[in-house]
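Chemist: build me a model from this:
(one chain, ligands or ions: 4)
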Amino acid sequence: MNAPISEIFCSVQGEGPYVGVRQVFVRFIGCNLQCQYCDTQREYVDFCRFEENPGSDEFELIPNPLDVNTVAESIESFSSVHSVSLTGGEPLIHADFIKNLQISAPLYLESNMTLPEMAKKVKDKVSFVSGDVKIINEFECDDFETHIEKTIDSFKILKTTESRDCFCKIVVLENTKIEYVLDIMDKISDYISGAILQPVTQGYNRPSVQHLLQIQKQLLDKGINTKVIPQTHKMLGCL
Ligand SMILES: C[S@@+](CC[C@H](N)C(=O)[O-])C[C@H]1O[C@@H](n2cnc3c(N)ncnc32)[C@H](O)[C@@H]1O
Ligand SMILES: Nc1nc2[nH]cc(C(=O)O)c2c(=O)[nH]1
Ligand code: SF4
Ligand SMILES: [Mg+2]
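Modeler: Numbers count the residues shown, from 1 in each chain. Ligands and ions are numbered 1, 2, ... in the order given. The predicted model follows:
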């Protein structure tokens, strides 16, 4: 079993409630969405860059696609990690590969939560789910209703249990409609341990602090544990 992967490195988690924990990151190539704010290259590259020495900015190049055993060995070369972040692109596109990945550390899935059938395949493998809620406007999407349904189904499948922490992240832009946020959060609030409002980092359309605080207040009023946390790895200057 193999998969196209753009990078494998060890760093600290820069987003969400686990900010600061030491993780190995495995970044899969390919995505089913095209978020306008996306900060990550998702296209195919011939080589995966592997940073053997954390923070060194020196990379070994491994030809794509990578075999599942090669990925497991690369992950196991790092020690004292809290968990292994499976990110991308969209890692759930590679759910079969994830199912076959045998490693010692817990898996932390970073997903756009729009592929419920793939979510079913990995639900018993992952210990942490950082699930994005993509607040796209109706005009940005061919089938808005289906997008919302798939998001809800994915949260239902990957919900918080005794052995899994599932939380959601919402990237907030200047034009993020508060009513869309409240509507979808009503539908997934039973499945998550909390919500993170993550202001968009790049581009011109950053939300005002007032906008973030208004959304936070409304979610707190619904009983949803909601924090505002920007991307911290970009401040630190690490991968
Ligand atoms: C690159 S995505 C990969 C995982 C998955 N495709 C997803 O969207 O959750 C990782 C995280 O970065 C966030 N992200 C991407 N671009 C961003 C930006 N410009 N500002 C803030 N967060 C961003 C995404 O929303 C997601 O939470
Ligand atoms: N340090 C660090 N933290 C992260 N949290 C989520 C990331 C991602 O791209 O999925 C990411 C990343 O790329 N680097
Ligand atoms: S789903 Fe994630 S990787 Fe895909 S375009 Fe959106 S932010 Fe980027
Ligand atoms: Mg990132």
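
Chemist: now the residue most central in space within the chain, nearest residue through space, not along the chain?
Modeler: Closest residue to the average C-alpha location of the chain: residue 110 at 2.4 Å, with C-alpha atoms, centre = their mean. Here the nearest residue to residue 110 in space, its sequence neighbours aside, is residue 87; by C-beta to C-beta, 6 or more residues apart in numbering that works out to 4.0 Å. C-betas here are computed from N, CA, C, even on glycine.

Chemist: could you do residue 99 as well?
Modeler: Nearest to residue 99 is residue 121, by C-beta to C-beta, 6+ apart, at 5.6 Å.

Chemist: neighbours of that neighbour, how many?
Modeler: 15 (other C-beta atoms under 10 Å).

Chemist: ok, now the one 10 residues further on?
Modeler: Using other C-beta under 10 Å, the number of residues around residue 131 comes to 23.

Chemist: mind listing what it touches?
Modeler: Shown in contact with residue 131 (C-beta atoms under 8 Å, 6 or more residues apart in numbering): 109, 111, 113, 154-155, 158, 166-169, 192.

Chemist: now, those that are in strands?
Modeler: 109, 111, 166-169 (DSSP state E).

Chemist: before we move on, back to that, so how far is residue 99 from the residue nearest to residue 110?
Modeler: 17 Å (C-beta to C-beta, to the nearest Å).

Chemist: repeat that for residue 84.
Modeler: 14 Å.

Chemist: those two: who's more crowded?
Modeler: Neighbour count, other C-beta under 10 Å: between residue 84 and residue 99, residue 84 has more, with 28 against 14.

Chemist: where does the prediction get shaky in this protein?
Modeler: Applying pLDDT under 70 to the chain flags residues 138-139.

Chemist: picking that back up, who wins on neighbours among the contacts of residue 131?
Modeler: That'd be residue 154 among those, by other C-beta under 10 Å, with 29 neighbours.
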